[in-house]
Structure formats: C-alpha cells, structure tokens
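Trainee: here's a sequence, model it:
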Amino acid sequence: MQCPRCQYTDSRVLESRSTEAGQSIRRRRECLECKHRFTTYERLEFVPVTVIKQNSHREYFDRSKLLRGMIHACQKTGLPPETLEGIVDNIESQLQTRTLREVTTAEIGELVLLELRPLSEVAYIRFASVYRQFQGIRDFVDTLHHLSEGRNQQ
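Mentor: Here you go, the predicted model:
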C-alpha cells in the first residue's frame, strides 16, 4: 500500500476492523518511511455477471429480480423469505466464482430448482411451471413424475 504523503510502498497494519456488515475491512496503517498514519478500506470486488435472456438480449444479473420471481412462485408454500434470500445468496456466490461471466436464464432457473427441490415440492413445481413455461397439464404431470422418481431413489 502506497503512503499518501511520501508514496513509500511499505506500511504496517496497526488495526483492522470489519465494516459494512462484514462487506469490507477498515485498516489503520503506518508508513514505514515517514511514520504517517492513514486508513485504507478493502472490499470484495464483484465482477458483473451478464445474463443471456431467451430472446438473446443481455443484461446484468439482478439479485432482486431473481428474489422477486422466487417470492412470487413460492407464495403460500411456507418457505420463509430468509430461506429464499439464502438461496439467492448461494446462487449469486456460485455465479461469482465461475470463470465464465455470462450465464443463461435456463442455467439460473436450474440452479433455483436444485435449491427448491429438497425444501418444498410445491415451490419446486410452481417455479418450474413459470421458468419452464408449462403449456398444459402434460408438462405438470411429467414434472411431478420426475419429482416423485427422484424421491423414490433417495
């Protein structure tokens, strides 16, 4: 870290504190050359993830949009909002750790379904019906059959 007074590149950390609910770290430093004390902040850098929509349009990943869709699909299923927020946190962290910075809506939908499946079959079916754009009763029956097969294998 470069000293703001003398531009010397070595300093020592005097104190570190977590700030912004753990999203950044505040560090008090002292320049080893001129003894000037200064403060630095370290934050996680999130590289934007681009979502490729079904119509080939691209937009940045928006966690609030995903959460709204999940809340809408999971109404009256008994899943608390904190659980849905946790799912969105998991999905967002998975997307941030990927080397590819683009993801399709289909991939995001499958990640949601993987998270919902063990929590609530009703939430799973409701989300799948919107995400997979069910056209009729046959789509529901196929998904229910697939869901029950997975439960029998466990």
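
Trainee: centroid residue for this structure?
Mentor: E92 (1.5 Å; Cα atoms, centre = their mean).

Trainee: now the residue of the chain most remote from its centre: how far from V112?
Mentor: Using Cα atoms, centre = their mean, the residue of the chain lying farthest from its centre is C34. It sits 43.0 Å away. From C34 across to V112, the span is 54 Å (Cβ to Cβ, to the nearest Å). For every residue, glycine as well, the C-beta is placed using N, CA and C.

Trainee: quick revisit: where's the residue farthest from the centre of the chain, which helix or strand?
Mentor: Assigned by DSSP states H and E, C34 belongs to no helix or strand.

Trainee: and it, what's its pLDDT?
Mentor: Per-residue pLDDT puts C34 at 97.

Trainee: pretty sure it sits against Y8.
Mentor: Yes: when contacts are counted by Cβ atoms under 8 Å, C34 is listed as touching Y8 (6.7 Å).

Trainee: how close does E33 sit to V141?
Mentor: Distance of E33 to V141, computed by Cβ to Cβ: 74 Å.

Trainee: those two: who's more crowded?
Mentor: E33 (14 against 10; other Cβ atoms under 10 Å).

Trainee: got a list of what the more buried one touches?
Mentor: Neighbouring residues of E33 by Cβ atoms under 8 Å, 6 or more residues apart in numbering: 3, 6, 8, 10.

Trainee: I'd say the second one and C31 touch.
Mentor: Yes: C6 lies in contact with C31 (Cβ under 8 Å); the separation is 6.4 Å.

Trainee: who has more neighbours, the two?
Mentor: Neighbour count, other Cβ under 10 Å: between C6 and C31, C31 has more, with 21 against 12.
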